[in-house]
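1. Here is my input; please provide its structure:
(one chain, ligands or ions: 2)
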Amino acid sequence: MINEVKQDSFSESFIMAVEKAKQERTEQLVSHTMQVEGISSIQFYANSCQIKTSYRHYWSDPKGLSLVGIGCARAFEYEGDTGRFHFIKSQWETFVKKHSITMKAPARGPLLMGGFRFDSKASKQEEWQHFPSAALVLPQFLLTIDCEGCWLTINAVVGPDEENIYQRIIDLEEQRERLLQRKAHSLQSASALKAYDIKGEEWKEAVACAIDEMAQGPLQKIVLSRSILAQSSNGYDIPSVIQKLTEQQPNSYVFTIERQGDTFIGATPERLVKREENKFFADALAGTAGRGKTAYEDEQLGHALLNDKKNLREHAYVVQMLKDVFAEWCESTEVDPYPTLLKTKDVQHLYTPIKGEAKSSAHLFDAVEKLHPTPAMGGTPRRLAVERITELETHDRGWYSAPIGWVDGEGNGDFSVAIRSGLISGHDARLYAGCGIVSDSHPDSEYIETEMKFRPMLNALRGSR
Ligand SMILES: C=C(O[C@H]1C=CC=C(C(=O)O)[C@@H]1O)C(=O)O
Ligand SMILES: [Mg+2]
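-> Ligands and ions are numbered 1, 2, ... in the order given. Okay, here's the model as predicted:
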């Protein structure tokens, strides 16, 4: 990897890499990171609308890390129905080794952003056509904002037969200047948003059917989701929607994955797994109540949730699964004995974080594969629940409730599960929300729970506060 830190040495690094590629007859990675000032992640994203590209990624976590990836220096994609996690892992490991990638700090420098489809075996519907079974991208431009500052990385892969070198450098430098322009993005709200229920009654019937099935076993829990369609006559201004989500959902991971003009976007409160060297972190987040209108009412609702048998059962399946999986590859695991509450603007959840120290060099993608889907997204037993989801749901989940996130050149990274989300294409936004169904669930109250879970996206699309 040719990586210079001098502020304006990108063109030198690029030329050196081309020379090396010609000498060694093999491709080279140029990755150039420099500190920048005075640009916000949303401004950067908004500026990227002037650049023609099929790939845009946004990620911000509740602790203050933001990543914006624009363009694609290399795509790692897989469309098959088995082995996708292993495929992506080995391709990225080979790439990292070949280019001797090292990081200056986690998430500053070469990293992948993207994710996976919920179920690689389920048949894909038209609306998800641009979203493969696995798709992670090394962005051409990456903005990293962390607690220490703001960095811009330019990544480019050059080959031995590279031509028009100077033109490529000029183009990249011009794009960099455009991305860093400091003019405030004027926020827009989508006017006249209309939301349509899709097959709501059918969904309740599917929930009732799952409850009946549980009486006979072996199905113990299943997460069933539904979809609604929101339409706006103006279309949507994605940077404005991101801005609303970050303002309204500070306890969530705000993300977008844009591919060929379609944008998968959301604000999820649920981490799947994070790796920091040999430490792994995961969240059990399942069991839901609404928020109160007053502090007193809110506390009452939270207290009732912490003592509600049905919600505690929904939650316990997730905690048990995380414990079992962590026990396989961690030598020590820490998990609280009782759940606490995690509150977002619209709902409160039962929450149990889990932490483990890996025995040996476990890879983040191995953890993602073992954990996905947890019983907060799929059910128990896992394989049966996923099969029944395909049969009982009437829409294609696509990337909803699937692992999305980032991984860097040293294997550190963070994946969440893409809930409280929707797929925007032109004037249409398809939103998704699901609920953990157990034997003492009631279709009508689960329906109300999905209505609460649609609110974060509906409010952000409307631009309301
Ligand atoms: C599947 C979703 O939520 C999951 C995460 C937290 C709480 C859940 C619940 O209480 O049912 C769900 O398991 C969704 O928001 O679409
Ligand atoms: Mg629930």
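2. Can you report how many residues neighbour Ile15?
-> When neighbours are defined as other CB atoms under 10 Å, Ile15 has 16 of them. Backbone N, C-alpha and C define where each C-beta goes, glycine included.
3. The residue nearest to Asp346 when sequence neighbours are not counted: what secondary structure?
-> Ranked by CB to CB, 6 or more residues apart in numbering and with sequence neighbours excluded, the top spatial neighbour of Asp346 is Arg455, at 4.3 Å. With DSSP: H, G, I helix; E, B strand; the rest coil as the basis, Arg455 sits in helix.
4. how about stretch 271-280: buried residues?
-> Across stretch 271-280, burial judged by 16 or more other CB atoms under 10 Å covers Arg271, Leu272, Val273, Lys274, Arg275, Phe280.
5. Bridged to the residue positioned nearest the centre of the chain, which residues?
-> Centroid check for the chain by CA atoms, centre = their mean gives Ile404 as the closest residue, at 3.1 Å. Ile404 has these beta-bridge partners by DSSP bridges: Gly115, Ser416.
6. Is it in contact with Ile419, as I believe?
-> No. Taking contacts as CB atoms under 8 Å, Ile404 lies outside contact range of Ile419: 10.3 Å.
7. Which neighbours do the two have in common?
-> Listed as contacting both Ile404 and Ile419 by CB atoms under 8 Å, 6 or more residues apart in numbering is no residue at all.
8. which SS class is the residue in the stretch 201-350 of the chain positioned nearest to ligand 2?
-> Going by CB to the ion, ligand 2 is nearest to Thr288 of the stretch 201-350 of the chain, at 4.3 Å. Here Thr288 is strand, with the state taken from three-state DSSP.
9. ok, now which ones touch it?
-> Thr288 makes contact with Leu305, Asn311, Val347, Gln348, His349, Leu350, Cys435, Glu449, Met452, Lys453, according to CB under 8 Å, 6+ apart.
10. Going by neighbour count, which of those residues are buried?
-> Applying a neighbour-count criterion of 16+ other CB under 10 Å, the buried members of the contacts of Thr288 are Leu305, Asn311, Val347, Gln348, His349, Leu350, Cys435, Glu449, Met452, Lys453.
11. Surely the third one and Arg291 touch.
-> Yes. With contact defined as CB under 8 Å, Val347 reaches Arg291; the gap is 6.6 Å.
12. Give the burial count for Asp119, as a bare number.
-> 22.
13. and the gap between it and ligand 1?
-> Noted for Asp119: a distance of 14 Å to ligand 1, by CB to the nearest ligand atom, to the nearest Å.
14. ok, that residue touching Arg388?
-> No. Using CB under 8 Å as the test, Asp119 is too far from Arg388 to be in contact (11.6 Å).
15. so where is the stretch 1-150 of the chain shaky, pLDDT-wise?
-> The model of the stretch 1-150 of the chain has pLDDT under 70 over residues 1-8.
16. Please, where are all the strands along it?
-> 28-35, 55-60, 66-70, 74-78, 111-116, 134-138, 141-146, 149-158 (DSSP state E, counting those that start in this stretch).
17. Can you give the contact residues for the helix or strand just after the longest one?
-> In other words, strand 149-158. For strand 149-158, the following helix or strand on the C-terminal side (DSSP states H and E) is helix 165-179. Applying CB under 8 Å, 6+ apart, the contact partners of helix 165-179 are 10-11, 14-15, 18, 44, 47-48, 50-51, 70-71, 140-141, 143, 152, 154, 156, 162.
18. Buried residues in helix 165-179, which are they?
-> Neighbour counts over helix 165-179 (16+ other CB under 10 Å) mark Arg168, Ile169, Leu172, Gln175, Arg176, Leu179 as buried.
19. Quick check: residues of the stretch 151-300 of the chain near ligand 2?
-> For the stretch 151-300 of the chain, the residues in contact with ligand 2 (CB under 5 Å from the ion) are Thr288.
20. Looking at the stretch 101-250 of the chain, which residue is nearest ligand 1?
-> Nearest to ligand 1, among the residues of the stretch 101-250 of the chain, is Val223, at 5.2 Å (CB to the nearest ligand atom).
21. Am I right that that residue is in a helix?
-> No. Under three-state DSSP, Val223 sits outside any helix and is assigned strand.
22. Does Phe280 touch Leu272 like I think?
-> No. Using CB under 8 Å, Phe280 makes no contact with Leu272, being 10.7 Å away.
23. tell me the domain ranges of this protein?
-> Domain ranges of the chain: 10-179, 195-462, per automatic domain parsing.
24. Alpha carbons of the helix or strand harbouring Glu449, in PDB - could you do that?
-> Per DSSP H and E: Glu449 is located in helix 443-462. Below are the C-alpha coordinates for helix 443-462, written out as PDB (Å, rounded to 0.1, in the frame of the first residue of the first chain):
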ATOM      1  CA  PRO A 443     -51.900 -10.200  16.700                       C
ATOM      2  CA  ASP A 444     -53.500  -6.800  17.400                       C
ATOM      3  CA  SER A 445     -50.900  -5.700  20.000                       C
ATOM      4  CA  GLU A 446     -48.000  -6.900  17.800                       C
ATOM      5  CA  TYR A 447     -49.600  -4.900  14.900                       C
ATOM      6  CA  ILE A 448     -49.600  -1.800  17.200                       C
ATOM      7  CA  GLU A 449     -45.900  -2.500  18.000                       C
ATOM      8  CA  THR A 450     -45.000  -2.500  14.300                       C
ATOM      9  CA  GLU A 451     -46.800   0.900  14.000                       C
ATOM     10  CA  MET A 452     -44.600   2.300  16.700                       C
ATOM     11  CA  LYS A 453     -41.500   0.900  14.900                       C
ATOM     12  CA  PHE A 454     -42.400   2.600  11.600                       C
ATOM     13  CA  ARG A 455     -42.500   6.100  13.300                       C
ATOM     14  CA  PRO A 456     -38.700   6.900  13.200                       C
ATOM     15  CA  MET A 457     -38.600   6.500   9.400                       C
ATOM     16  CA  LEU A 458     -42.000   8.100   8.800                       C
ATOM     17  CA  ASN A 459     -41.100  11.200  10.900                       C
ATOM     18  CA  ALA A 460     -37.700  11.500   9.200                       C
ATOM     19  CA  LEU A 461     -39.300  11.300   5.700                       C
ATOM     20  CA  ARG A 462     -41.800  13.900   6.700                       C
END
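25. close to ligand 1, is it?
-> Yes. Residues of helix 443-462 contacting ligand 1 under CB under 6 Å from any ligand atom: Lys453.
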